[in-house]
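Trainee: The following block contains a protein sequence and its predicted model.
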Amino acid sequence: MSDAATLRTELLELIGKNPSGHTDPKIVDEFSSKLKAYADAPGVDSSDVIFAIGSSVYSVDLPSKKQQVHGAPAAEPVIVDFDYMKQFMKDVFLSYGCTEDQAEISSEVLIEADKRGIDSHGLGRLKPIYCDRIDQGILWANKPITVIKETETTALVDGNLGLGLYIGPHCMKMAIEKAKKYGVGFVAAQNSTHYGIAGYYTSMAADAGCVGFSGTNARPSIAPTFGVEPMLGTNPLCFGIPSDDDFPFVIDCATSVNQRGKIEKYARDGVDTPRGAVVDNDGIERTDTEGILRDMVLGKCALTPVGGAGDEMGGYKGYGWATTVELLSTAFQSGPFGEDVCGIDRETGKPAPMPLGHFFLAINIESMCSLDTFKKNSGNLLRALRESKKSPKGPGRIWTAGERENDARVSRTAQGGMKVPKSLQQNMLDLREKCPGMNEKYSKLPFE
């Protein structure tokens, strides 16, 4: 077993044997010492949940090894222009060996998330999900996309563990082109990787005058209804539908009640996790946020599907939808699921490839009716929903899917770009220091 794997095992044992260890100064000191040694070990995934537990539960925040090498982050979030940030991310991808096209498209998918206010899937993903995984050898920057089988209306492609951010747009473009010719286009992808926000792909379809549908599987997090073992990913289910509003109807959401990142936020805020969002191995619906984080890394807790644990609030519906996405992401592709996409080699503790599957459907609206008529009909319904009677206990407004993201785009554009918090400023500093050519081009970042 490698030094990193040994340290990780020791950290897990320390967490498991000391449920209230975060209140014991000796345990905190021991945890802090081991966590620092683990962070310094080669090949460690910086997005490992153990670091989030260290920060949220044990109050152990590790400074970047490069923090004092060249520059330092500002104390407060700094607004950075979207074009500047996209170019920065593109240059990072280029430094990793991506082609011009791969880097351009991948950075476009990420910056679109930040424009829509989906901060969890934009700049925040660049280093831990893409760069670090390339460094670990579980994702490749420049891989060809292979067409395995193709008909006029369908295709199966292999991403060869390249950037999902590039594979996804390629596949939806294929689906749209087929739809424009034959009315419908469906493309399935195998051996892909994290493809960013699903809403990007259904927006591509909506912008092209099509109805779009896309989904992807992910590492196992959700337990089946009446089960306790993480078996399904947080598998997003996403539709994009054109409207005569200024923005399309785009519903992009996970099929779980919450995601791990939300629970980490509960820990930072010092609040309980809502009942029904997490179930442990004893079938107990947990609310103790710090305990949940500890037990999730030990495999003793699982997320619940939309509707919550059990069937009283319709949890079986979310379970069914999560399963649907998993099936469409694996059955066409003969793809792995569950433990085989967990991202960790259980024997060595080292990061392992996560060969994900995606699917993309485009339906050409003009095949059945005028696009303008469709958009007007959609807009009439959506406006009726927004204008319907408001709850006296609510915010005084009703939104339809895609509207909040449009609000974020308008607001962020007006303020001059996106706010970059201290943690992401540090990621930018680290990438500038590490990536060839970045120091010369970005000698002074906007927050320096």
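Mentor: That came in fine, so what should we check first?

Trainee: can you tell me which helix in this structure is longest?
Mentor: helix 164-182 (DSSP state H).

Trainee: From the opening residue of stretch 342-358 to its closing one, how far?
Mentor: Using CA to CA, to the nearest Å, one end of stretch 342-358 lies 16 Å from the other.

Trainee: Can you get me a residue count around the residue lying closest to G417 once chain neighbours are set aside?
Mentor: Excluding the flanking residues, the one nearest G417 by CB to CB, 6 or more residues apart in numbering is D81, at 4.3 Å. Glycine gets a C-beta too; all of them are placed from N, C-alpha and C. For D81, the count of nearby residues is 12 (other CB atoms under 10 Å).

Trainee: ok, now V60?
Mentor: When neighbours are defined as other CB under 10 Å, V60 has 20 of them.

Trainee: before we move on, what SS does it have?
Mentor: Using DSSP: H, G, I helix; E, B strand; the rest coil, the structure places V60 in coil.

Trainee: Double-check it against S33; I have them as touching.
Mentor: No - counting by CB atoms under 8 Å, V60 stays clear of S33, with 9.5 Å between them.

Trainee: about what we covered before: show me what the longest helix of the chain packs onto, helices and strands only.
Mentor: If you count contacts as 3 or more CB pairs under 8 Å, 6 or more residues apart in numbering; DSSP states H and E, helix 164-182 packs onto helix 100-115, strand 154-158, strand 184-192, helix 198-207, strand 210-216, strand 356-364.

Trainee: Quick check: buried residues in the longest one?
Mentor: The neighbour-count check on helix 100-115 (16 or more other CB atoms under 10 Å) flags 102-115 as buried.

Trainee: Let me have those in TSV, extended by pLDDT and distance to D48.
Mentor: Converted to TSV, the buried residues of helix 100-115 look like this (pLDDT from 0 to 100; distance: CB to CB, whole Å):
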residue	pLDDT	distance to D48
Q102	98	27
A103	98	27
E104	98	30
I105	98	28
S106	98	23
S107	98	25
E108	98	28
V109	98	24
L110	98	21
I111	98	26
E112	98	27
A113	96	22
D114	97	24
K115	98	29
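
Trainee: Can you tell me which of the residues you listed lies closest to E290?
Mentor: Nearest to E290 among the buried residues of helix 100-115 is A113, at 28.9 Å by CB to CB.

Trainee: doesn't S107 make contact with the closest one?
Mentor: No - taking contacts as CB under 8 Å, A113 lies outside contact range of S107: 11.0 Å.

Trainee: K393: how many residues sit nearby?
Mentor: Neighbour number of K393 under other CB under 10 Å is 5.

Trainee: Could you do L163 as well?
Mentor: The number of residues near L163, taken as other CB under 10 Å, comes to 29.

Trainee: That one touches H170, doesn't it?
Mentor: No - between L163 and H170 there is no contact under CB under 8 Å: 10.2 Å.

Trainee: re the thing from before, can the buried residues of helix 100-115 go into JSON lines with extra columns for distance to L237?
Mentor: Formatted as JSON lines, these follow (distance: CB to CB, whole Å):
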{"residue": "Q102", "distance to L237": "27"}
{"residue": "A103", "distance to L237": "29"}
{"residue": "E104", "distance to L237": "28"}
{"residue": "I105", "distance to L237": "23"}
{"residue": "S106", "distance to L237": "23"}
{"residue": "S107", "distance to L237": "26"}
{"residue": "E108", "distance to L237": "23"}
{"residue": "V109", "distance to L237": "19"}
{"residue": "L110", "distance to L237": "21"}
{"residue": "I111", "distance to L237": "24"}
{"residue": "E112", "distance to L237": "19"}
{"residue": "A113", "distance to L237": "18"}
{"residue": "D114", "distance to L237": "23"}
{"residue": "K115", "distance to L237": "22"}
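
Trainee: residues in contact with L382?
Mentor: Listed by CB atoms under 8 Å, 6 or more residues apart in numbering, the contact set of L382 reads S243, D245, F249, T400.

Trainee: Just the buried ones among those, please.
Mentor: S243, D245, F249, T400.

Trainee: host element of Y38?
Mentor: Assigned by DSSP states H and E, Y38 belongs to helix 25-40.

Trainee: And the helix or strand following that helix, what does it pack against?
Mentor: Going down the chain from helix 25-40, the next helix or strand is helix 49-56, by DSSP H and E. When contacts are defined as 3+ CB pairs under 8 Å, 6+ apart, helix 49-56 sits against helix 3-17, helix 25-40, helix 260-269, helix 289-297.

Trainee: Common neighbours of A113 and S107, please.
Mentor: With CB under 8 Å, 6+ apart, A113 and S107 have no common neighbours.

Trainee: which residues touch V109?
Mentor: By CB under 8 Å, 6+ apart, the contact set of V109 is L165, G168, P169, Y195, G196, I197, Y200.

Trainee: would TSV of those residues with neighbour count be doable?
Mentor: Converted to TSV, these look like this (neighbours: other CB atoms under 10 Å):
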residue	neighbour count
L165	29
G168	30
P169	21
Y195	28
G196	25
I197	26
Y200	27
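
Trainee: Pull out the buried positions in the longest helix of the chain.
Mentor: Quick answer for helix 164-182 (16+ other CB under 10 Å): 164-176, 178-180.

Trainee: Closest one to D280 out of these, please.
Mentor: For those, the nearest to D280 is G164 (31.3 Å; CB to CB).

Trainee: how close does that closest one get to F447?
Mentor: 29 Å (CB to CB, to the nearest Å).

Trainee: before we move on, what about G315?
Mentor: 44 Å.

Trainee: Quick check: mean pLDDT of stretch 422-439?
Mentor: For stretch 422-439, the mean per-residue pLDDT is 95.

Trainee: All set now, cheers.
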